[in-house]
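J.: Fold the following and give me the result.
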Amino acid sequence: MHQPAQRDRQDHQRAKRLHRVLVCAAAVPVMLIAAGCSSDSGSGDNAGKDTTGLGATTSADATAAPTVQAAAYKKLPEPCAVLSKKTLTDLVPEGAKSGKEGTSSDTASRGSCSWTSLDNNGVKGSQFRWLNVSLLRFDSSQTQGEGDKLAAAYYAKQVQEAQSVTGAKNVKSEPVAGAGAQATAVRYDLKKKEGAFKQQTVVAQVENVVVTIDYNGAGLAGDKTPDADALTKAAEKAVKEAVAAVTSANGSGGGGSTGGGDSTPAASPSKSASPSASTSKSASKASPSPSATKKS
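T.: Numbers count the residues shown, from 1 in each chain. Just a heads-up that it's a prediction; the model follows:
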């Protein structure tokens, strides 16, 4: 009589256990889905933070990029036209009209011109003069620096070379006022097979340009040796005129700031400073032999 009631109780208990199993089974996917959503949400937050960080770094790098002051002077005057007719007549009286321009692959960055004069006085001898003007311009460079600083370094090098010419005697140096940012005159005596030469080298820096004047003279075949003071004074006058010509060719000058790259890639300072561009080193050696020059 008790068996039906017992079976009913057992059936009821099994039904309750089945219900609990089904409820738990249904809860598992819900938990997995929730965990998955939570994980995706966290990844999104981190990704957003990483992107923001990268953007900030890029912006900082761009802001920190160095700038270089642009070179003040962008061109050079014609080297054979930097000196007045009067000055040329005083310095090279027999060669004032015979200026010879040097070869240059970039006339906006380097140029030179030379004049030779031989005043033949017959049995009294001859007076020889040789004059050379050299112009070198330096551009600002992102890798090498500002043009005026490059010019200042080259100016110092030119002065040092003029002071250490092989065989030079009685070397003297003095500053020259009124010729750009800085200028120095170097003079010395040099013995050659043709005679005793008086050499003057005057170097001046104006902004990003270096001007070099080489001027020498000698009394040949018994003629008197020229006065060194007079030659130096004439060379200083010439360098002032050349500096003024450079300034005039560029108007009022003026600079600016440039970031990245060279201001004028075709005229890099390293090319301007090449030995082939300089005419002042051992300038007296470069002057033509006076014995080979005839009066016209």
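J.: use CA for all of it now, contacts and neighbours both
T.: Noted.
J.: which residues touch the residue nearest to Asp139 when sequence neighbours are not counted?
T.: Spatial nearest neighbour of Asp139, excluding adjacent residues (CA to CA, 6 or more residues apart in numbering): Gly147 at 4.7 Å. Gly147 is in contact with 70-71, 138-141, 207-208, 269, counting by CA atoms under 8 Å, 6 or more residues apart in numbering.
J.: so what pLDDT did Gly147 get?
T.: At Gly147, the pLDDT value in this model is 93.
J.: In this protein, what residue spans correspond to helices?
T.: Listed in chain order, the helices of the chain (DSSP state H) span 3-64, 85-91, 147-163, 228-249, 269-272, 283-286.
J.: now for the second one, which elements pack on it?
T.: By that I understand helix 85-91. Using 3 or more CA pairs under 8 Å, 6 or more residues apart in numbering; DSSP states H and E, the elements in contact with helix 85-91 are helix 228-249.
J.: go again using 10 Å as the cut-off
T.: When contacts are defined as 3 or more CA pairs under 10 Å, 6 or more residues apart in numbering; DSSP states H and E, helix 85-91 packs onto strand 110-120, strand 126-137, strand 209-220, helix 228-249.
J.: how many neighbours does Glu241 have?
T.: 17 (other CA atoms under 10 Å).
J.: returning to what we had before: can you put the helices and strands packed on helix 85-91 in a markdown table and add distance to Thr103 and mean pLDDT?
T.: Shown next, in a markdown table, are the helices and strands packed on helix 85-91 (distance: least, CA to CA, whole Å; pLDDT from 0 to 100):
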| stretch | distance to Thr103 | mean pLDDT |
| --- | --- | --- |
| strand 110-120 | 7 | 95 |
| strand 126-137 | 11 | 96 |
| strand 209-220 | 16 | 96 |
| helix 228-249 | 19 | 96 |
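J.: Would you mind saying which of those lies nearest Tyr154?
T.: Nearest of the helices and strands packed on helix 85-91 to Tyr154, taken as CA to CA: strand 209-220 at 7.6 Å.
J.: Within its sheet, name the partner strands of the closest one and how each one runs.
T.: strand 126-137 (antiparallel), strand 195-206 (antiparallel) (DSSP bridges).
J.: Would you reformat the ones you listed as JSON lines and include distance to Ala244?
T.: Formatted as JSON lines, these follow (distance: least, CA to CA, whole Å):
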{"stretch": "strand 126-137", "distance to Ala244": "12"}
{"stretch": "strand 195-206", "distance to Ala244": "9"}
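J.: Mind putting these into CSV with mean neighbour count and distance to Thr232?
T.: Output for the strands paired with strand 209-220, formatted as CSV (neighbours: other CA atoms under 10 Å; distance: least, CA to CA, whole Å):
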stretch, mean neighbour count, distance to Thr232
strand 126-137, 26, 12
strand 195-206, 26, 6
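J.: what two of the contacts of Gly147 are the furthest from one another?
T.: Checking those with CA to CA, the most distant pair is Ser141 and Glu207, at 14.9 Å.
J.: Can you check the pLDDT for Ala56?
T.: 50.
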